[in-house]
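In: Quick one, fold the following:
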Amino acid sequence: MKRDKAKIAGLVLAAGYSSRMGSFKPLLPLGDATVIEKSVGSLLGAGVKDVSVVVGWRANEIVSLLGTPGVKAVYNPHYDLGMYSSVVAGVGSLGPAVDAFLLLPGDYPLVKPHTVQSLIGAYLNSRAGIVYPRYLGRRGHPPLIERRYVEEAPDASQPGGLRTVLRRHEDEAIDVVVDDQGVIMDLDIPDDYAKALFRCK
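Out: Predicted coordinates:
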């Protein structure tokens, strides 16, 4: 594979229960859209043309919002096993031409499209298999990951989940420093949501 010809897709994870939030996170209003629409928009706004949203709990309600061309829903029947099961389902749905994917949990709605473009640029201009955004010393989302790493570990109940898989390949990873707090701003609890609402005023 020539890096300048690499095909990169986007995977947005939205299959979980949102139990810590107390409300169903993907459908929460945020600015002029919902949380899930904002997350998908971060990838589309960066020019990613192939975006899949992995759904599970309350799948139909999310699917009803995904009418944008280039965005498809992928159902994860094992979503109760946790996030890595959605990663496996999402990667399994990618077309054979896709080399790598940007992995964005659906509760990271404030990532800037320019950040996504920076990650893609770093991948295309390096030999790395994993590219992380880093803000104020912290790695965030979305990492850009070559699909082969997940295909090497196809067990949806993988102990340690994605973290364990990626740790095995740490020597093939690079970090890109970004000026984007959104890469570390997930919406886990109501206070996180309140902060996101304030930023979207």
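In: contacts and neighbour counts: CA atoms only from here.
Out: OK.
In: Name the residues of stretch 31-45 that come out as buried.
Out: Of the residues in stretch 31-45, those buried by neighbour count under the rule 16 or more other CA atoms under 10 Å are 34, 35, 36, 37, 38, 39, 40, 41, 42, 43, 44.
In: Please verify my assumption that residue 111 contacts residue 35.
Out: No - if you go by CA atoms under 8 Å, residue 111 and residue 35 don't touch, sitting 11.5 Å apart.
In: before we move on, the earlier item: now, the buried residues of stretch 31-45 that are in helices?
Out: Within those, membership in helices is found for 35, 36, 37, 38, 39, 40, 41, 42, 43, 44, as judged by DSSP state H.
In: of all those residues, which comes closest to residue 127?
Out: Closest approach to residue 127 among those (CA to CA): residue 43, at 22.4 Å.
In: in the protein, which spans are strands?
Out: 8-14, 29-30, 33-34, 51-55, 71-75, 100-105, 130-135, 138-139, 144-146, 173-177 (DSSP state E).
In: Now render these as TSV, adding distance to residue 117 and mean pLDDT.
Out: Output for those, formatted as TSV (distance: least, CA to CA, whole Å; pLDDT from 0 to 100):
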stretch	distance to residue 117	mean pLDDT
strand 8-14	11	97
strand 29-30	23	94
strand 33-34	22	95
strand 51-55	15	97
strand 71-75	18	96
strand 100-105	11	98
strand 130-135	11	98
strand 138-139	17	97
strand 144-146	11	98
strand 173-177	11	98
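In: For those, give me JSON lines that also has distance to residue 120.
Out: What follows is those, written out as JSON lines (distance: least, CA to CA, whole Å):
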{"stretch": "strand 8-14", "distance to residue 120": "8"}
{"stretch": "strand 29-30", "distance to residue 120": "26"}
{"stretch": "strand 33-34", "distance to residue 120": "25"}
{"stretch": "strand 51-55", "distance to residue 120": "14"}
{"stretch": "strand 71-75", "distance to residue 120": "19"}
{"stretch": "strand 100-105", "distance to residue 120": "9"}
{"stretch": "strand 130-135", "distance to residue 120": "8"}
{"stretch": "strand 138-139", "distance to residue 120": "16"}
{"stretch": "strand 144-146", "distance to residue 120": "7"}
{"stretch": "strand 173-177", "distance to residue 120": "10"}
